[in-house]
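> any chance you could fold what I've pasted below:
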Amino acid sequence: MPDIITLSPIGAEVARTLAASMPASRLHFHETVAEVRPAASFTRVAELVCALFSTTDGMVFIGPCGVMVRAVGPHLQSKFSDPPVVVVDVLARYAVSLLSGHEGGANDLCVRIANILGAEPVITTTSEAARTIIVGIGCRRHCAARAITEAVRWALHEAGATEKEVRFLATADIKAQEPGLIQAALDLGIPLRLIPSAQIRACRLEFTPTPLAKKKVNLPAVAEPSALLAGRRTALILPKMIRNGVTVALARENSL
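Numbering: from 1, shown residues only. Predicted coordinates:
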């Protein structure tokens, strides 16, 4: 589990939220934060990063990117050995995969943190950013992973697309603990993006409402808005379809 570091009281609140969902993580607050406990106190970020760099599983810095860039810079060795580093702004709007994104696991850590905070994951790795398809998924509780993976592959085939083009699986945050979805994402090797329910309710993009979703989970729909909201400049390329009891919709991100 990562070391979570921040300089400010606002950042400390974000850090505590993260730690609540990442129980083995370690908190580090700057000495100017009044309520330090249960975090460890530090004086200088550069000294703390120097002490952690060779042993940490990863670092999450809640503060400006520039501060972390200067702190890790003197210690960089290789993308195959450097720890993953993710930066989050103090208002938890963005989670940025800063260092060791693909090989080191910062991209996966970035998506996990974004899911916890309801933030936007920012991943600039070319092999990841070049993927443009998002698969929106809606399913009943305790749906089997195999049914979900088969539905995803079937939808991709229907759209003439491949798994290598998929950037995210996406669903509503109320499905965060759904074992079948989590396992399906692992089996497919595709990150699972959780879209906040409030964001789906406020969605002004065009999608087809689903009366059953409204009745069961008080959402206007799940698969289509999740696919549309998980990316930027998205458009549906496959409207929602049902396979094995799983609702799947595909959206594609478009470049400028």
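
> tell me which residues in stretch 187-205 are buried?
Neighbour-count burial for stretch 187-205, counted by 16 or more other CB atoms under 10 Å, picks out Leu188, Ile190, Pro191, Leu192, Arg193, Leu194, Ile195, Pro196, Ser197, Ile200, Cys203. Backbone N, C-alpha and C define where each C-beta goes, glycine included.

> can I get the residues you listed in a markdown table including pLDDT?
Formatted as a markdown table, the buried residues of stretch 187-205 follow (pLDDT from 0 to 100):
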| residue | pLDDT |
| --- | --- |
| Leu188 | 97 |
| Ile190 | 96 |
| Pro191 | 96 |
| Leu192 | 97 |
| Arg193 | 97 |
| Leu194 | 97 |
| Ile195 | 97 |
| Pro196 | 97 |
| Ser197 | 97 |
| Ile200 | 97 |
| Cys203 | 96 |
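
> looking at these, which are in strands?
Among the buried residues of stretch 187-205, the members found in strands (DSSP state E) are Leu192, Arg193, Leu194, Ile195.

> confidence score at the spatially closest residue to Ala145 that is not a sequence neighbour?
In space, Ala145 comes closest to Gln183 once its chain neighbours are excluded; the distance is 3.7 Å by CB to CB, 6 or more residues apart in numbering. In this model, Gln183 is scored at 98, pLDDT.

> what helix or strand does Gln183 sit in?
Per DSSP states H and E, Gln183 falls inside helix 179-188.

> does anything pack onto that helix? Which helices or strands?
Where contact means 3 or more CB pairs under 8 Å, 6 or more residues apart in numbering; DSSP states H and E, helix 179-188 is packed against helix 145-159, strand 166-172, strand 192-195.

> out of these, flag the one nearest Gly138.
Checking the helices and strands packed on helix 179-188 against Gly138 by CB to CB gives strand 166-172 as the closest, at 6.7 Å.

> partners of the closest one, with directions?
Paired neighbours of strand 166-172 in the sheet (DSSP bridges): strand 133-138 (parallel), strand 192-195 (parallel).

> so who does Val111 touch?
Ala95, Pro121, Ile123, Phe168, Pro191, Leu192, Arg193 (CB atoms under 8 Å, 6 or more residues apart in numbering).

> I'd assumed Ala114 was in contact with the last one.
Yes. A contact is recorded between Arg193 and Ala114 when judged using CB atoms under 8 Å, the distance being 7.4 Å.

> wait, doesn't Asp82 sit right on Gly105?
No. Using CB under 8 Å, Asp82 is not in contact with Gly105, being 10.8 Å away.

> now the helices for the stretch 1-150 of the chain?
9-21, 45-52, 65-72, 106-117, 126-129, 145-159 (DSSP state H, counting those that start in this stretch).

> could you identify which of those helices is most buried?
Burial of the helices of the stretch 1-150 of the chain is given as mean neighbour count (mean count of other CB atoms under 10 Å); helix 106-117 ranks first at a mean of 23.

> what mean pLDDT does that one have?
Rounded mean pLDDT across helix 106-117 is 97.

> stretch 204-214 now?
94.

> what distance separates the opening and closing residues of it?
Start to finish, the residues bounding stretch 204-214 are 16 Å apart (CA to CA, to the nearest Å).

> also stretch 130-142?
Length of stretch 130-142, first residue to last, CA to CA: 32 Å.

> how about that stretch: buried residues?
Under 16+ other CB under 10 Å, the buried positions of stretch 130-142 are Arg131, Thr132, Ile133, Ile134, Val135, Gly136, Ile137, Gly138, Cys139.
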